[in-house]
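In: sequence first, then the predicted structure:
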Amino acid sequence: MIKAVVGANWGDEGKGKITDMLAEKADIIVRFQGGANAGHTIVNDYGKFALHTLPSGVFYGHTTSVIGNGVALNIPVFFKEYNEVVSKGVPAPKILISDRAQMVMPYHILFDQYEEERLGGKSFGSTKSGIAPFYSDKYAKIGFQVNELFDEDRLKEKLASVCETKNVLLEHLYHKPLLNVDELFAELMEYKKMVAPYVCDVSLYLNNALKEGKEILLEGQLGTLKDPDHGIYPMVTSSSTLAAYGAIGAGVPPYEIQKIVVVSKAYSSAVGAGAFVSEIFGEEADELRRRGGDGGEYGATTGRPRRMGWYDCVASKYGCRLQGATDVAFTVLDVLGYLDEIPVCVAYDIDGEITTDFPTTAKLEKAKPVIEKLPGWKCDIRGIKNYEDLPENCRKYIEFIEEKIGYPITMVSNGPGRNDIIYRNK
Ligand code: GDP
């Protein structure tokens, strides 16, 4: 059976921690989309790790970590991360890489930088990891799959042809140095040496594993609102962040995804540009940012301070619906223990019309938050293991939000560690 762990919001909801936790009982953990443009922070017995491309199951000896075909695979970044994890004492993880995964090419990163430079103030706030140029090339059918590294003559021919078009843009649009086919080819041969031991037909492997009754976890990156179709287009990422895409990005039957754990943080944060209706500013935001997550809300990949806001029931209800939530994991709740009152965005006011349905981007930009305030619980809830032992106002906060979003909160995370979790039977 397959479980997906995905985000309800803008990413950074704490998916890494939930995946790491659920991985204890899983056999295989699969990344199915995205690349090294976002990160998960994981705290466990080995220390604190910021993972960007490695699946969050790498810390267990019994799991296999898989890079699915839907991932934007940056090979040097992947192996740098792999080596870092091993150098901190984690036993060498078992890794498999899909022969159909496409590679982030060195020029994708350059094009990402050049385009942001060219757009200046109108840029998308890219992390400049090459993800948008990568997916553009994938769908323009000029991307490179990992298996292409193993047919050198064909590879060289295709590289020459792709470089020809890239060089036109580099010369005339960006006014930057041109690509050299031989240098690129030599670099790809280095990539080949790195990946060769791990490449396989991942879809076949996963389908066989399902027949053997193995448990598979699909690990999503970012969240619903960054999905290119259902998110806040164009301030979105370039691959689908939805659990449904897990079937495609891993090559498994959609009906096998039986549990969809949607992670939603007890307040909001976002990185990059785009409408963020419940956003707060000034000292109020600084304090939440400082206290947030585990050591502050700063991007795991970029170190950028995250934009902060109160919990947004409209966005989260939508986020859970598009993911098809069977379970909601409500995270980082412990952080809110300092507040006398906790504001929650319960609806949007768009030109005087009140709605709880998440709108398209142009309307979203006009939306003002309708705020309700709930009483705080004013104490530290870390260490609590049973739902009934949470302070009454804390339970009321959870139940209020559960009612507004309309999906069952079956897990409450009250600390960054693996064991900081409260299960609720629903
Ligand atoms: P992801 O990309 O969705 O995995 O999220 P991030 O890793 O960017 O952000 C989650 C941050 O919150 C990390 O620093 C986690 O260690 C931390 N975290 C996760 N769950 C909890 C929690 O319940 N309480 C606290 N205080 N921190 C948490």
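Out: Nice, I can see it.
In: poorly predicted segments of the stretch 301-426 of the chain, please.
Out: Counting by pLDDT under 70, the stretch 301-426 of the chain contains low-confidence ranges at 301-302, 426.
In: repeat that for the chain.
Out: By pLDDT under 70, the weakly predicted segments of the chain are 124-125, 300-302, 426.
In: can you tell me the centre-most residue of it?
Out: The chain has Q221 as the residue nearest its centroid, 1.8 Å off, counting by Cα atoms, centre = their mean.
In: looks to me like that one is in a strand.
Out: Yes. Under the criterion used here (DSSP: H, G, I helix; E, B strand; the rest coil), Q221 sits inside a strand.
In: enumerate every residue touching it.
Out: Contact criterion Cβ atoms under 8 Å, 6 or more residues apart in numbering gives G7, G11, K15, R31, Q33, G34, A38, T237, T241 as the residues in contact with Q221. (Each C-beta comes from the backbone N, C-alpha and C, glycine too.)
In: next, the last one: phi, psi?
Out: In other words, T241. T241 has phi and psi values of phi -100, psi 10 when expressed as degrees, to the nearest 10.
In: same check on the fifth one?
Out: Main-chain torsions, Q33, degrees, to the nearest 10: phi -160, psi 170.
In: please enumerate the strands of the stretch 201-350 of the chain.
Out: Secondary structure of the stretch 201-350 of the chain (DSSP state E, counting those that start in this stretch): strands at 216-223, 257-265, 268-270, 279-280, 307-309, 311-312, 327-331, 341-350.
In: columns distance to the ligand on top of these, output as JSON lines?
Out: As requested, these are arranged in JSON lines below (distance: least, Cβ to the nearest ligand atom, whole Å):
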{"stretch": "strand 216-223", "distance to the ligand": "7"}
{"stretch": "strand 257-265", "distance to the ligand": "6"}
{"stretch": "strand 268-270", "distance to the ligand": "8"}
{"stretch": "strand 279-280", "distance to the ligand": "18"}
{"stretch": "strand 307-309", "distance to the ligand": "13"}
{"stretch": "strand 311-312", "distance to the ligand": "14"}
{"stretch": "strand 327-331", "distance to the ligand": "4"}
{"stretch": "strand 341-350", "distance to the ligand": "15"}
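In: save those strands as CSV, and put in distance to Y423 too.
Out: Output for the strands of the stretch 201-350 of the chain, formatted as CSV (distance: least, Cβ to Cβ, whole Å):
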stretch, distance to Y423
strand 216-223, 17
strand 257-265, 12
strand 268-270, 24
strand 279-280, 31
strand 307-309, 28
strand 311-312, 21
strand 327-331, 10
strand 341-350, 23
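In: tell me which of those lies nearest to C320.
Out: With Cβ to Cβ as the criterion, C320 lies closest to strand 257-265 of the strands of the stretch 201-350 of the chain, at 5.0 Å.
In: relative to the whole chain's centre, how far out is the closest one?
Out: In terms of Cα atoms, centre = their mean, to the nearest Å, the gap separating the centre of strand 257-265 from the centre of its chain is 13 Å.
In: parallel or antiparallel, list what pairs with that strand.
Out: Strand 257-265 has these partner strands in its sheet, going by DSSP bridges: strand 2-7 (parallel), strand 327-331 (parallel).
In: mind putting the ones you listed in a markdown table, mean neighbour count included?
Out: As requested, the strands paired with strand 257-265 are arranged in a markdown table below (neighbours: other Cβ atoms under 10 Å):
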| stretch | mean neighbour count |
| --- | --- |
| strand 2-7 | 28 |
| strand 327-331 | 26 |
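In: CSV please, covering the ones you listed and showing distance to Y245.
Out: Formatted as CSV, the strands paired with strand 257-265 follow (distance: least, Cβ to Cβ, whole Å):
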stretch, distance to Y245
strand 2-7, 9
strand 327-331, 19
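In: between the ones you listed, which one is nearest to D357?
Out: Shortest distance between D357 and the strands paired with strand 257-265, using Cβ to Cβ, is found for strand 327-331: 18.6 Å.
In: hmm, who's touching the closest one?
Out: Counting by Cβ under 8 Å, 6+ apart, the neighbours of strand 327-331 from elsewhere in the structure are 5, 8, 13-14, 17-18, 259-266, 320, 398, 401-402, 405, 407-413.
In: what about the closest residue in space to Y348 that isn't next to it in sequence, how many neighbours?
Out: Using Cβ to Cβ, 6 or more residues apart in numbering and skipping the chain neighbours, the partner closest in space to Y348 is A367 (3.9 Å). Burial of A367, expressed as a neighbour count using other Cβ atoms under 10 Å, amounts to 22.
In: picking that back up, now the contacts of strand 327-331: which count as buried?
Out: Burial of those was assessed by neighbour count (16 or more other Cβ atoms under 10 Å); the buried members are 5, 8, 13-14, 17-18, 259-266, 320, 398, 401-402, 405, 407, 409-413.
In: give me the three-state assignment for the residue lying farthest from the centre of the chain.
Out: Within the chain, D153 marks the point farthest from the mean C-alpha position, 36.1 Å out by Cα atoms, centre = their mean. When the structure is reduced to helix, strand and coil (three-state DSSP), D153 reads as helix.
In: what's near enough to touch it?
Out: Contacts for D153 (Cβ under 8 Å, 6+ apart) come out as none.
In: how close does it sit to the ligand?
Out: With distances taken as Cβ to the nearest ligand atom, to the nearest Å, D153 is found 41 Å from the ligand.
In: excluding its backbone neighbours, what's nearest S136?
Out: Leaving out its chain neighbours, S136 is closest to S238 (Cβ to Cβ, 6+ apart), at 7.5 Å.
In: and the one you found, how far from A72?
Out: 8 Å (Cβ to Cβ, to the nearest Å).
In: ok, those two, which is more surrounded?
Out: Using other Cβ under 10 Å, the more surrounded residue of S238 and A72 is A72, with 29 against 20.
In: can you pull the contacts of S98?
Out: Remark: with contacts taken as Cβ under 8 Å, 6+ apart, S98 is in contact with V66, I67, G68, N69, V71, V146, V199, C200, D201, V202, S203, G251.
In: returning to what we had before: overlap in contacts of S238 and A72?
Out: Between them, S238 and A72 share these contacting residues under Cβ under 8 Å, 6+ apart: I131, F134, Y135.
In: by neighbours, which of those wins?
Out: Busiest of the shared contacts of S238 and A72 [other Cβ under 10 Å] is F134, holding 27 neighbours.
In: with that, I have no additional questions.
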